[in-house]
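My questions are about this predicted structure, shown below with the sequence.
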Amino acid sequence: MDEALEALRRGLPVLVHDDEARENEVDYVIHASRVTVDHIYEMRMLAGGLICYAMPLQAGRLLGLRYGYEIIASIPELAPLASRTLGYGDQPAFSIWVNSVRARTGIRDRDRATTIRELDRVLSMIVDGRVGEARRYFLENFVAPGHVPILLGRRLRERRGHTELSLHLAMLAGMTPSVVVVEMLSKGDVLSVEEAGRLAREKGIPLVEGSEIIDLVERLGEDLYCRYNLCQG
């Protein structure tokens, strides 16, 4: 855990395993403020899953964001699609997908790195209490739909997915709840925890269990979001 927290502070990746009884997947995680073109390339080539930006639900609400399933459920013809969940049971954390207006096509490594850093800039404004400025910046500097999905993280008592685990890991490191996550995949399936462990040792990347993050947050006994002006919502 100490190595993972220090890695995030230094702008290095961390691998997070959720739980065998849940998705049983390992995600590659890095703080959004440190994302570079090289990181996006490594996420594509080393991890291979969907590269997503995550912020707290409370921050998303302040921007006017809703969960994707809420948006779909509001369209009568499509509402049945939002009435079901996958095997692990949780409602998905996806909101909308965006590109920065500075992107060329949106999908290129450079474009996605730019979009993610711009989203982190918006989150930083909210944390600083500049909510009105954040709303204006978001509406003026992004295009939707785009190529970077925004995930909205709940509290750990409500959901214990990679979105929530990664956001809380960032806060435990003393950083803003603003991260990039991507699933580690193998051919035809997820990368097993054992394979992820071998890769972590080869690459010198810390691998932490979701239970470690949950235990540390529970020992602290506080709502970490409140440290960042995000108690409500």
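Thanks, I have it. Model, not experiment: these values are computed from the prediction. Residues are numbered from 1 along each chain as shown.

Could you double-check that Tyr151 lies in contact with Ser95?
Careful, residue 151 is Leu and not Tyr. Yes - with contact defined as C-beta atoms under 8 Å, Leu151 reaches Ser95; the gap is 6.9 Å. Where C-beta positions appear, they are placed from N, C-alpha and C, glycine not excepted.

what number of residues lie near the closest residue to Leu8 other than its chain neighbours?
Excluding the flanking residues, the one nearest Leu8 by C-beta to C-beta, 6 or more residues apart in numbering is Ala173, at 4.4 Å. The number of residues packed near Ala173 is 18, by other C-beta atoms under 10 Å.

higher neighbour count, Leu151 and Ser95?
A direct count of neighbours by other C-beta under 10 Å for Leu151 and Ser95 places Leu151 higher, at 27 against 24.

Please, which helix or strand holds that one?
Leu151 is located in strand 142-153, with elements delineated by DSSP states H and E.

Run me through the strand neighbours of that strand, direction for each.
Paired neighbours of strand 142-153 in the sheet (DSSP bridges): strand 52-56 (parallel), strand 94-100 (antiparallel).

Which is the succeeding secondary structure element to the longest one?
Put plainly, it is strand 94-100. Once the chain leaves strand 94-100, the next helix or strand it forms, by DSSP H and E, is helix 109-127.

That following helix vs strand 142-153, what angle?
Relative orientation of helix 109-127 versus strand 142-153 (axes from the mean of the first three to the mean of the last three C-alpha atoms, to 10 degrees): 60 degrees.

what packs against helix 109-127?
In terms of contacts (3 or more C-beta pairs under 8 Å, 6 or more residues apart in numbering; DSSP states H and E), helix 109-127 is packed against helix 37-42, strand 52-56, helix 57-62, strand 94-100, helix 131-141, strand 142-153.

Can you tell me which of the ones you listed is most buried?
For the helices and strands packed on helix 109-127, ranked by mean neighbour count under the definition mean count of other C-beta atoms under 10 Å, the leader is strand 52-56 at a mean of 27.

residue contacts, Asp128?
Shown in contact with Asp128 (C-beta atoms under 8 Å, 6 or more residues apart in numbering): no residues.

I figured Arg9 was touching Met175, is that so?
Yes - counting by C-beta under 8 Å, Arg9 touches Met175, with 6.7 Å between them.

so which of the strands paired with strand 142-153 gets nearest Ile71?
Ile71 lies closest to strand 94-100 among those, at 7.7 Å (C-beta to C-beta).

Identify the residues contacting that closest one?
Identification of contacts with strand 94-100 by C-beta under 8 Å, 6+ apart yields 52, 60, 65-69, 71, 106, 111, 114-115, 118-119, 141-152.

Figure out how far that strand is from the centre of its chain.
Taking C-alpha atoms, centre = their mean, to the nearest Å, the mean C-alpha location of strand 94-100 is offset from the chain mean by 12 Å.
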